[in-house]
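>>> Pasting a predicted model and its sequence here:
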Amino acid sequence: MKTIAIISSLKDPAGINIRNSLLEMFEFEKINRKFDGNDIFVHSEIPNKAVISYLIEDELIFAENIDRKIDADIFIFASKHRSKENTKSFAIHPIGNWDKAEFGGKEKSLCPSSAVLLKNLFSELNNTAKNSGYEMTMEATHHGPYVEKPAVFCEIGSTEEEWAEKNNGNIMAKTIMQGLKNENKNYEIAVGIGGPHYCNNLNKIALRTGIAISHICPKHHLDKLNEDLILQSIEKTQEKVDFILLDWKGLGTEKQKIVGLLKSMSLEFKRTDQII
């Protein structure tokens, strides 16, 4: 039996919205104990999986080592998303820091990621939210909390209005539950390097091909990318990584450095422009 913990924060209105939708739309039962002073609910209708909803007091990005307090195999953080442009959006991304830990987590430390889970969630998001008028995107790996179990953030963006919109909570709740039902593991597994924070080319790869992507290092962190971080991205992918996926145009001035680094490490790589 695999246990999936869905974590919401009392300080995060989008996370509370998603939690409320989960409890209203699916068969969750309250169990006879609390966590952080709040009720715990479990859903047992997915074969071989227990999905448990937790509500915590801390901000999600600072809930460091919560995997030591909650016994689960996978952590899904239900969260708000902010953007400078206040774009209406839904976002999904792995967690960790390529550089400084300015928003939780540890400096230059990535957290475990499941490429299969990310792909399944992103695919379901695009099915569930296709008529919403919202942008749907994966994001590059960023922020905390630091955990040592596979983790993903599922986010509603980008203002208080969107965070509280009931239908948005329903969309993300459906996305999470349906994504957890999909057991397709016949994917090629890749780590993504290059491109913007909102991963346009990698989004297309995830939706149009049989490639699943775990960690993503965006172009604004390529100057910090080194052998240790690349090894972390591979070792902290739950599945065996088949190759490195390069957003070729999105490598900019770091292109030769990255290619040279991958060759020196004897790592196979493929270019997005040769796939789509």
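Yes, it's here. As the structure is a computational prediction, the values presented were derived from the model and not from experiment.
>>> CA only for contacts and neighbour counts going forward, please
OK.
>>> Model confidence for the nearest residue to residue 38 once chain neighbours are set aside, exactly?
Nearest residue to residue 38, sequence neighbours excluded (C-alpha to C-alpha, 6 or more residues apart in numbering): residue 55, at 6.0 Å. Residue 55 carries a pLDDT value of 98.
>>> Could you check how far residue 55 is from residue 265?
Going from residue 55 to residue 265 by C-alpha to C-alpha, to the nearest Å gives 42 Å.
>>> quick one: which of these two has more around it?
Between residue 55 and residue 265, residue 55 has the larger neighbour count (other C-alpha atoms under 10 Å), namely 22 against 12.
>>> quick one, phi/psi of that one?
Here is the backbone geometry of residue 55 (degrees, to the nearest 10): phi -120, psi 120.
>>> Quick check: the gap between it and residue 65.
15 Å.
>>> ok, now residue 76?
Distance, residue 76 to residue 65, by C-alpha to C-alpha: 14 Å.
>>> Have a look at the two and say which one is more surrounded.
residue 76 (18 against 15).
>>> And the strands in the stretch 151-276 of the chain?
For the stretch 151-276 of the chain, strands defined by DSSP state E, counting those that start in this stretch occupy the ranges 151-157, 188-193, 211-217, 243-246, 269-271.
>>> want to try JSON lines for the ones you listed, with distance to residue 124 and mean neighbour count as columns?
Listed next are those as JSON lines, based on distance: least, C-alpha to C-alpha, whole Å; neighbours: other C-alpha atoms under 10 Å:
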{"stretch": "strand 151-157", "distance to residue 124": "12", "mean neighbour count": "26"}
{"stretch": "strand 188-193", "distance to residue 124": "18", "mean neighbour count": "24"}
{"stretch": "strand 211-217", "distance to residue 124": "14", "mean neighbour count": "27"}
{"stretch": "strand 243-246", "distance to residue 124": "22", "mean neighbour count": "22"}
{"stretch": "strand 269-271", "distance to residue 124": "25", "mean neighbour count": "16"}
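>>> closest one to residue 60 among those?
Among the strands of the stretch 151-276 of the chain, strand 151-157 comes nearest to residue 60, with 9.5 Å by C-alpha to C-alpha.
>>> for that closest one, packing partners?
When contacts are defined as 3 or more C-alpha pairs under 8 Å, 6 or more residues apart in numbering; DSSP states H and E, strand 151-157 packs onto helix 13-25, strand 74-81, strand 89-93, helix 160-164, helix 166-181.
>>> wait, doesn't residue 52 sit right on residue 5?
Yes - contact criterion C-alpha atoms under 8 Å: residue 52 and residue 5 qualify, at 4.9 Å.
>>> Please tell me how far the closest residue to residue 271 other than its chain neighbours sits from residue 268.
Of all residues beyond its chain neighbours, the one nearest residue 271 is residue 246 (4.9 Å), with distances taken as C-alpha to C-alpha, 6+ apart. From residue 246 across to residue 268, the span is 11 Å (C-alpha to C-alpha).
>>> Can you give me the pLDDT of the spatially closest residue to residue 238 that is not a sequence neighbour?
Residue nearest to residue 238 in three dimensions, not counting chain neighbours: residue 114, with 5.0 Å by C-alpha to C-alpha, 6+ apart. Here, the pLDDT recorded for residue 114 equals 97.
>>> got the contact list for residue 114?
By C-alpha atoms under 8 Å, 6 or more residues apart in numbering, the contact list for residue 114 reads 150, 151, 214, 237, 238, 239.
>>> Can you name the two of the residues you listed that sit furthest apart?
Using C-alpha to C-alpha, the two most remote members of those are 151 and 239, lying 13.4 Å apart.
>>> can you count the residues close to residue 68?
11.
>>> try residue 200
Neighbour count of residue 200, defined by other C-alpha under 10 Å: 15.
>>> residue contacts, it?
residue 137.
>>> got it, and residue 165?
Contact partners of residue 165, counting by C-alpha under 8 Å, 6+ apart, are residue 17.
>>> which one in the protein is furthest away from the centre?
Largest separation from the mean C-alpha position in the chain: residue 32, at 30.0 Å (C-alpha atoms, centre = their mean).
>>> Now residue 242. Nearest residue, chain neighbours left out?
Nearest residue to residue 242, sequence neighbours excluded (C-alpha to C-alpha, 6+ apart): residue 189, at 5.3 Å.
>>> How much space separates that neighbour from residue 240?
Applying C-alpha to C-alpha to residue 189 and residue 240 gives a distance of 7 Å.
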